[in-house]
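**Student:** All I have is the shape, not the residue letters:
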Ligand SMILES: Cc1cc2nc3c(=O)[nH]c(=O)nc-3n(C[C@H](O)[C@H](O)[C@H](O)COP(=O)(O)OP(=O)(O)OC[C@H]3O[C@@H](n4cnc5c(N)ncnc54)[C@H](O)[C@@H]3O)c2cc1C
């Protein structure tokens, strides 16, 4: 049986960390929205990822009381180097007068901190969208929820569904790399140092998390198949060979894998619909930019809508706000995509001349503070690093 049409100002599809951040940032400014997710909220607790969050991300999450203080491990130094090559760069928090360059948090702990602030009735979980129909004045979404068909009419539809599938509105550049992730125990202890080690197979990141390192081990798909099938001792050996001998690894936890591609939505806005977070751009995880960028999407959208005074009866005003939002996000999202894409392509090979150029680049970065500060500030603040 079809129920009567329900009206909301803003419907956010996707209650991942980006969708929840938008909802809470709007609520903090007095604007209601409804979140909708196809999965139960508890499903977020099964996500195995650890996220490196910038200092800037912490500042934003604190403003909506969603910073998971006890679950966050500070990063005090970042060591960047390449396998079988010279040159290295060290970025140190003391150069930036910050308590930390960034923090590592489990996706599930971040999601729990955000979900704890959702008001009752603000999330429709386990809802399956069956139709989306946009017209000049808004969008009508038909969905199945708890065995019933429901129809929701919204003025603004926000897509925060995460990585898009095949869609002609999205450009895709496949890296032919998969990320194998897991946690391992290091000896000696990590001392709050993160490592980014470039190898011909792809970047290997070690992120301090509690007493462990959270590993993002990037490999061509066939090698990832092999690595996923190894027993723990075999896996530790392969990891050790890729990283080198400066640390010893033991007790690897469960492994998961993610295929990697750069996916970019060509336009962020279509009428009264807007795309944010991974739904707008999905990046390679090198240098941990993806969620940081998505968080800034959510924040900027909330700020723009609140500053313009969301007026449900004036579609032109909402459309103008969305255009302002899209324009304001270009530099940050293009910069993030360019930065990660170029790093992956420049470093994921073992061509002799490039090896030399990379070594010189890492050395120059280390010896030239302005260049190093630029890279560090990009990681700390995103687009605000640009002059
Ligand atoms: C291996 C790996 C390591 C990473 N490391 C980092 C890092 O260190 N730092 C960093 O900043 N980023 C990192 N990222 C990127 C980060 O994980 C993403 O940018 C972030 O999770 C995106 O959040 P989101 O809310 O946009 O999407 P998601 O987290 O994917 O959430 C999307 C939500 O939408 C829901 N949904 C999907 N489709 C529908 C639908 N049709 N209807 C209703 N609901 C729907 C889903 O159920 C989900 O709850 C990493 C990514 C990978 C793969």
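**Tutor:** Here it is on my side, so go on. Remember, predicted model here, so these are calculated numbers, not experimental data.
**Student:** residues touching the nearest residue to residue 32 once chain neighbours are set aside, list them.
**Tutor:** Of all residues not flanking residue 32 in the chain, residue 9 sits nearest, at 6.2 Å (Cβ to Cβ, 6 or more residues apart in numbering). Bear in mind the C-beta positions are built from the backbone N, C-alpha and C, glycine included. Contacts of residue 9 were listed using Cβ atoms under 8 Å, 6 or more residues apart in numbering, and they are 31, 32, 33, 154, 155, 156, 310, 312.
**Student:** neighbour-wise, which of those leads?
**Tutor:** residue 156 (25 neighbours; other Cβ atoms under 10 Å).
**Student:** isn't that one right next to residue 269, touching?
**Tutor:** No. The pair residue 156 / residue 269 is not scored as a contact, 10.3 Å apart, by Cβ atoms under 8 Å.
**Student:** What parts of the protein come near the ligand?
**Tutor:** Residues of the chain lying close to the ligand (Cβ under 6 Å from any ligand atom) are 13-19, 36-39, 49, 51-52, 129, 160-162, 179, 181, 216, 258, 277-279, 285, 288-292, 294.
**Student:** Looking at those, which are in strands?
**Tutor:** If you go by DSSP state E, these have 13, 36, 51, 52, 129, 179, 181, 216, 258 in strands.
**Student:** who's in contact with stretch 308-315?
**Tutor:** With contacts defined as Cβ under 8 Å, 6+ apart, stretch 308-315 is touched by 9-10, 31, 136-138, 155-156, 272, 317-318, 320-321, 324.
**Student:** now these: which count as buried?
**Tutor:** Buried subset of these (neighbour count, 16 or more other Cβ atoms under 10 Å): 9, 10, 31, 138, 155, 156, 272, 318, 321, 324.
**Student:** Quick check: residue 194 is in a strand.
**Tutor:** Yes. Assessed by DSSP: H, G, I helix; E, B strand; the rest coil, residue 194 belongs to a strand.
**Student:** re earlier: if you look at the contacts of residue 9, which of them are in strands?
**Tutor:** Using DSSP E, the contacts of residue 9 in strands are 154, 155, 156.
**Student:** follow-up on the earlier one: against residue 325, how distant is the residue nearest to residue 32?
**Tutor:** 16 Å (Cβ to Cβ, to the nearest Å).
**Student:** same thing with residue 93?
**Tutor:** Distance of residue 93 to residue 325, computed by Cβ to Cβ: 32 Å.
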